[in-house]
Every structure is written in structure tokens, then in C-alpha cells.
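In: what shape does this take:
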Amino acid sequence: MAEEDKVEETPKKSKKMLIIIIAAVVVLLGGGGAGYFFLMGSDAEEVVEEVRMPAVYTKIRTKSGRPMFVSTVLSDDDRTHYLQAYVVAKSRDPLVAPALEKHMPLIVSKLNTMFSTQEFAKLSTLEGKQNLRADATKLLQDILMKRIQIKGVEEVLFTNFVMQ
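Out: Model prediction:
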């Protein structure tokens with residue numbers, strides 16, 4: 001009988017010890033996580049930002065592969081002025097590049113219309129060029145929103161921009 005009592009006590013002690021060990025591990029992990037959160041502060045936000053998807057650059061070009069837009073622009077003088085622009089869309093979503101390729105004829109058409117309605121005097125300023133980039137970005141975002149229900153394009157870049 002005495003031996004049976006000893007056998008029953010041993011499993012109870014090991015269960016209690018296991019519960020204590022698990023509780024200690026949970027407390028240590030929770031404390032470590034809370035300490036990291038409070039000690040890192042704003043640095044924790046920077047870590048999250050570094051994990052962003054890499055940028056993907058898609059060249060906007062005609063179906064024939066012409067890499068640039070050439071358009072006449074409006075002017076107050078009697079001369080004809082031209083705009084030549086190489087356009088690249090920057091995104092971080094893997095769905096965007098194939099969508100841009102698929103809808104490239106629509107995108108090229110809309111951008112051609114946008115470029116041909118610009119005024120030479122306004123595009124001669126830095127602010128005018130920046131506004132055109134912002135308008136082109138919004139245009140591509142609107143097209144993608146209608147087609148694939150995401151904005152997708154972070155910004156439009158002009159890799160070459162010449163006016164004459």
C-alpha cells in the first residue's frame with residue numbers, strides 16, 4: 001500500500017512542475033515581446049517599412065514597342081511645340097505589371113490624350129511637370145481601379161522628358 005501511494009504522488013508532482021514551466025515560458029515570452037515593443041518604440045515602425053515588397057517598374061509603351069510618347073502641346077505663340085516623354089509606372093503589387101500590360105492600349109490612348117492637351121508654358125515649369133506626373137499617376141490608378149479593383153500604381157515616373 002505504501003508503494004502505491006508513492007506511485008500516485010509522482011505524476012501529480014510532474015504535472016504541477018510542467019504547468020509551472022509552461023507558465024514561466026509564457027511569462028518570459030510575453031515580457032520579452034512587451035519589452036521589445038516599448039524599448040524599440042518608433043524603430044519598430046521602421047522595421048515594418050523595410051519589409052515592403054520591392055518596387056516593380058513597368059515601361060508604358062505602345063503595342064509596337066515604341067518606348068516614348070511624342071505629342072504636340074498647346075501654345076499661345078504661332079509655333080508648333082512637341083513633348084517627348086518616356087513613362088514608367090512604379091508599383092509594389094505583383095498583380096499590377098500584368099494588368100498594365102493587358103490594358104496597355106487603353107493606357108497609351110489616355111496618356112496621349114492627356115499629353116496633347118497640355119500647355120507648353122505650364123510644362124516649362126517644375127510645378128507643371130510635377131502636376132503632369134501626379135495627373136498621370138491618378139489616371140493609371142483610376143484605370144486599374146476600374147479593371148482590377150486596386151490602385152496599384154504608386155507613382156508615374158518620367159525617365160526622359162523633352163520639350164521643343
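In: three-state assignment of the closest residue to residue 121 other than its chain neighbours?
Out: Spatial nearest neighbour of residue 121, excluding adjacent residues (C-beta to C-beta, 6 or more residues apart in numbering): residue 76 at 6.8 Å. In short, each C-beta sits where N, CA and C put it, glycine included. The assignment at residue 76 comes out as coil when based on DSSP: H, G, I helix; E, B strand; the rest coil.
In: got the contact list for residue 152?
Out: By C-beta atoms under 8 Å, 6 or more residues apart in numbering, the residues touching residue 152 are 91, 93, 95, 96, 99, 140, 141, 144.
In: the second one and residue 143: what is the separation?
Out: The one in question is residue 93. Distance from residue 93 to residue 143, counting by C-beta to C-beta, to the nearest Å: 14 Å.
In: the two: which is more packed in?
Out: Shown here are residue 93 and residue 143; by other C-beta atoms under 10 Å, residue 143 has more neighbours (20 against 16).
In: can you confirm the more buried one is in a helix?
Out: Yes - under three-state DSSP, residue 143 sits within a helix.
In: that one contacts residue 110, doesn't it?
Out: Yes - assessed by C-beta atoms under 8 Å, residue 143 is found in contact with residue 110 at 6.9 Å.
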